[in-house]
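Trainee: What follows is a predicted protein model with its sequence.
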Amino acid sequence: MILHIKNMVCQRCIETVRSVLKEQGFKVLSIKLGEVEIDPTPSEIQTLQLSEALTAKGFELLQDKKSQTVEQIKAAIVQWVHYSEKDPVQNLNLSEYLVREIGADYSSLSHLFSASEGITIEKFAILQKIERVKELLSYGELTSSEIAFKTGYSSAAHLSSQFKKETGMTPGQYKNLKDKNRNPLDQVGNV
């Protein structure tokens, strides 16, 4: 049986959900962001217990099809933005990628997502990309051009423009702000 789970956004989430399912006596056949295949099929009581156990860890077991599809869209975008460096999915545009991953036409996915979330799929993807850029900036290992390339922007200028539009500051200002707010104890050993 395939379950759809809300709020799975990272590898730790996958491991936490896997652990909850094992604790509840289920065998995990496959697991990815937002979706897990288990055996055996849970009874009504087991489904309720599983839902409560997942909720206690910050997740939600999705029952209705529309919510499941919206979470599939979110999980696919998170995968596309944050984890696709090893997989050439960034070579696909977002609409092609979502159609491939979810198996529905983009127009209906876009309409459902906007109606449910109050923002467009594209805006959600931009916000995810900005979060990824913030993460990469905080590491301090890459130049703006390298970050732009890594996150699918056409140039550092395009990245900077969109970053400023969404955050109110340039990537450089963000990085300087993060550096100033770094805990002085983080500097111990670097003297």
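Mentor: Yep, that arrived. Numbers count the residues shown, from 1 in each chain.

Trainee: elements contacting the host helix or strand of Val133?
Mentor: In the assignment (DSSP states H and E), Val133 maps to helix 121-139. Of the remaining helices and strands, those touching helix 121-139 by 3 or more Cβ pairs under 8 Å, 6 or more residues apart in numbering; DSSP states H and E are helix 65-82, helix 94-102, helix 106-117, helix 144-150, helix 156-167, helix 171-180. The way it works is simple: take the backbone N, C-alpha and C, and place the C-beta from them, glycine included.

Trainee: Kindly recompute the last result at 7 Å.
Mentor: When contacts are defined as 3 or more Cβ pairs under 7 Å, 6 or more residues apart in numbering; DSSP states H and E, helix 121-139 packs onto helix 65-82, helix 106-117, helix 144-150, helix 156-167, helix 171-180.

Trainee: which parts of the second one are buried?
Mentor: Of the residues in helix 106-117, 106, 109-110, 112-113 count as buried by neighbour count, 16 or more other Cβ atoms under 10 Å.

Trainee: How about the third one?
Mentor: Judged by neighbour count using 16+ other Cβ under 10 Å, the buried positions of helix 144-150 are 144, 147-149.

Trainee: how much space between Ser138 and Asn181?
Mentor: 10 Å (Cβ to Cβ, to the nearest Å).
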